[in-house]
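A.B. asks: The sequence isn't on hand, but the structure is:
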């Protein structure tokens, strides 16, 4: 892999207009990655999902160079119907379209940061890989007091033109005071066997509200990793919803820093897996100051020989008195080969807190099925009803009614 | 009320902190093959035992000290320790208690463990381990009548080699982790228990561990075998003198329960925790593992961990037999600068296996407490169940309480439920108690005892009273 990566890196950098210093920084990141390689089971955070093995098994050799000189045709039929929205379209990792037609132009600033290096720091080698190889990176600033009229949908589209590629994406968002953003990440893949490595950074100023919905529904054979860093100041709210289903492997990481008083973070997730898909959600909520709140709910339905893992951590600093932290993960295992792993973690240094977590996994309740069958449903109907009810609980947590309905339609849950 | 206050004052400092001035026989300092041969030789061990030790030592040389635990400690120089230390008077084993060095008898009397059988009101058989040797085992004859073997493991190696050979290292193999392997190489003494088929052990068996010599590591090994249909309840207590240095205690405990057998293992661990500034104290790095080998077998661990500078242990159950049951009840209390990283592992391999984990952690002062546990239901363990509850109580914002459970479910017919909470003693509860005339400290004691009740109930009667007192004492000075 090393020679290939080095060669692809040189090609990538050649096409970018970078100063010598920036190239040095990129090189430094590349070296870091080369030293560490893809994360593996030996690292605590990757205990349940050995990415190195998964890439080897599913993809084999990756190539890291992407030719972005040509444009891809934007297929408008893929766009979400029945919901007016702003768009950012990525096709095979290339930004094809940024469209904020529904919004006041001066309230949204889009800064191209491709030519400046702005390193993403977290302790894993994938951030190094991302730092080294991203070619376009934008920062989207929502101005003070502006609340987007329509949601923004980011289309992550890929097609059969790419194969065994590594695609790196990087987006930054800044929500200034009193602003708000509704953001949907929609994954539409018809490509196979690629590895997407996506990093988002959100900075929420006072009173800002962020709602982020990540929807990976469409069946595909790609490997994905996504990392969201969310910095929250006073009175901010972040809501993250993850529907983890379509890709062969998907690991979502959410890192929330509750830095300002009365800030709160909500993370809700659904794993709906079949075949031999393997997905993971890892959350870290850092309560760093007084009177902050977090709530997490993760539910899984696992068929065939699928595997889901949830690692959730609530960290409470010694200054963060009056913290309210809650975390619950539930899983239904439908097949003898399915597997659910959880590591709900509490790390607490303050005494006046209310923190709890729960985790349960098991089979569908036969008594409930019996009850429904005695009311005239057949086995499959009863089963479906129970599973839908189980998952609906999470979908109902979505606070935006338009998007809630959209997602309900996508998963086919009827009320 | 006055009496209670007096009692508290008396116990305020670590009451077991005295040391006994006694002449010792020691192995040369350091860790090498010669020292292992020295230990083996002084114990007059057969060749197979020495081979066992040397094989472990070979393995040990390749292992790296683990560093993933939460409480970090300064590097231990394994060459700067004595691996064997025994009172000189034990060189020729005394035949009866009358021949025992009066100083030793005095020590145990002071610790509240009279070795004379008639002085014992309640029928508890005691094996007293002083540094590296077992000095006395009581009620042996009475037990032998029922076929129960209860003796120091060094005697068992000579008198019952077939049992020791068969089971030693069967639960904690030679190739296990760093400290367990170290123990396999240099273990000195400990207790051996064998309960024959169908026998219900008529009294509580107990071992009392005492570290006395300075600069010495204690490495004892306990092996308990409950044959088909038998039952035994076993207690373990530990204390050490107050010293400014940190001392290492790395014991291995292996339990084997065959078909329909039940082992109940209770520990009240009160090693010297170090002084108020965190100086001194015992490093308690113990490996405890039970194997439910047979059908319908049951192993239950109960622990009250109040001592030690650092406690690092996970008493575990391997539920191999169908319908076997594993239980773990724990209270861990840390105060001042104590640190604890403790919990359990429940490994479900057989069908219809059940496990239950109740863990209560209390941290005060500048201490740090971690519950770390694993529940692993393998794909063959159909219809298995686990229930885990771990609650933490924090006193003050200089201490920490952490929960790190690993939950793995590979079987769709099995259920795992886990819940954990972290809280503090609420103002309302305190107010209510104080309004009824209790002082703040008494109120805290009462609430904490209530918090721990589920676990304390699991202890045998005499121990429960002791443990309840200990819980109160460990938290002295942490309120207000």
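C.D. replies: Thanks, I have it. Not measured: the values here are computed from a predicted model. Numbers count the residues shown, from 1 in each chain, chains lettered A, B, ... in the order given.
A.B. asks: From here on, just use CA atoms for contacts and neighbour counts.
C.D. replies: Will do.
A.B. asks: Could I get the full set of helices for the stretch 251-400 of chain B?
C.D. replies: In chain order, the stretch 251-400 of chain B shows no helices, with DSSP state H, counting those that start in this stretch as the criterion.
A.B. asks: just the stretch 1-150 of chain A next, same as before
C.D. replies: Counting by DSSP H, counting those that start in this stretch, residue ranges of the helices within the stretch 1-150 of chain A are A:2-14, A:20-36, A:51-58, A:125-133.
A.B. asks: tell me the most buried of the ones you listed?
C.D. replies: Mean neighbours per residue, mean count of other C-alpha atoms under 10 Å in any protein chain shown, is largest over those for helix A:125-133, with a mean of 25.
A.B. asks: between it and helix A:20-36, how many degrees?
C.D. replies: For helix A:125-133 against helix A:20-36, the angle between stretch directions is 150 degrees (axes from the mean of the first three to the mean of the last three C-alpha atoms, to 10 degrees).
A.B. asks: Residues contacting helix A:125-133, please?
C.D. replies: With contact meaning C-alpha atoms under 8 Å, 6 or more residues apart in numbering or on different chains, helix A:125-133 is reached by A:9, A:12, A:25-30, A:32-33, A:36-39, A:64, A:117-121, A:168-170, A:197-199.
A.B. asks: What of stretch A:390-408?
C.D. replies: For stretch A:390-408, the surrounding residues in contact (C-alpha under 8 Å, 6+ apart) are A:83, A:241, A:268-270, A:297-300, A:413-414.
A.B. asks: got it, and stretch B:314-324?
C.D. replies: Contact partners of stretch B:314-324, identified using C-alpha under 8 Å, 6+ apart, comprise B:259, B:286-299, B:301, B:325-328, B:342-354, B:372-373.
A.B. asks: for that stretch, the distance to its chain's centre please.
C.D. replies: The chain centroid and the centroid of stretch B:314-324 are separated by 18 Å under C-alpha atoms, centre = their mean, to the nearest Å.
A.B. asks: Straight-line length of that stretch, end to end?
C.D. replies: Counting by C-alpha to C-alpha, to the nearest Å, you get 19 Å between the two ends of stretch B:314-324.
A.B. asks: next one: stretch B:394-405
C.D. replies: Span of stretch B:394-405 from end to end, C-alpha to C-alpha: 19 Å.
A.B. asks: rewinding a little: which of the contacts of stretch A:390-408 count as buried?
C.D. replies: Buried by 16 or more other C-alpha atoms under 10 Å in any protein chain shown: A:241, A:268-270, A:297-300, A:413, out of the contacts of stretch A:390-408.
A.B. asks: and the two most separated of those residues?
C.D. replies: Every pair in the buried ones among the contacts of stretch A:390-408 was compared (C-alpha to C-alpha); the two farthest apart turn out to be A:297 and A:413, at 18.2 Å.
A.B. asks: Do a quick rundown of the strands in the stretch 151-300 of chain A.
C.D. replies: In the stretch 151-300 of chain A, the strands defined using DSSP state E, counting those that start in this stretch lie at A:152-158, A:166-175, A:180-189, A:192-204, A:209-216, A:221-232, A:237-244, A:249-258, A:264-273, A:278-287, A:293-302.
A.B. asks: Is it correct that residue B:463 falls within a helix?
C.D. replies: Yes. Remark: residue B:463 belongs to a helix, assigned using DSSP: H, G, I helix; E, B strand; the rest coil.
A.B. asks: Spit out the contact partners of it.
C.D. replies: Listed by C-alpha under 8 Å, 6+ apart, the contact set of residue B:463 reads residue B:268.
A.B. asks: And residue A:9, by the same measure?
C.D. replies: Taking C-alpha under 8 Å, 6+ apart, we find residue A:9 in contact with A:64-65, A:132-133.
A.B. asks: Could you identify the most distant pair in those residues?
C.D. replies: Going by C-alpha to C-alpha, the two entries of these that are most distant from one another are A:65 and A:132, at 11.5 Å.
A.B. asks: any low-confidence regions in chain A?
C.D. replies: A:114-122, A:413-415 (pLDDT under 70).
A.B. asks: Pull out the buried positions in stretch A:217-237.
C.D. replies: With burial defined by 16+ other C-alpha under 10 Å, the residues of stretch A:217-237 counted as buried are A:217-218, A:220-237.
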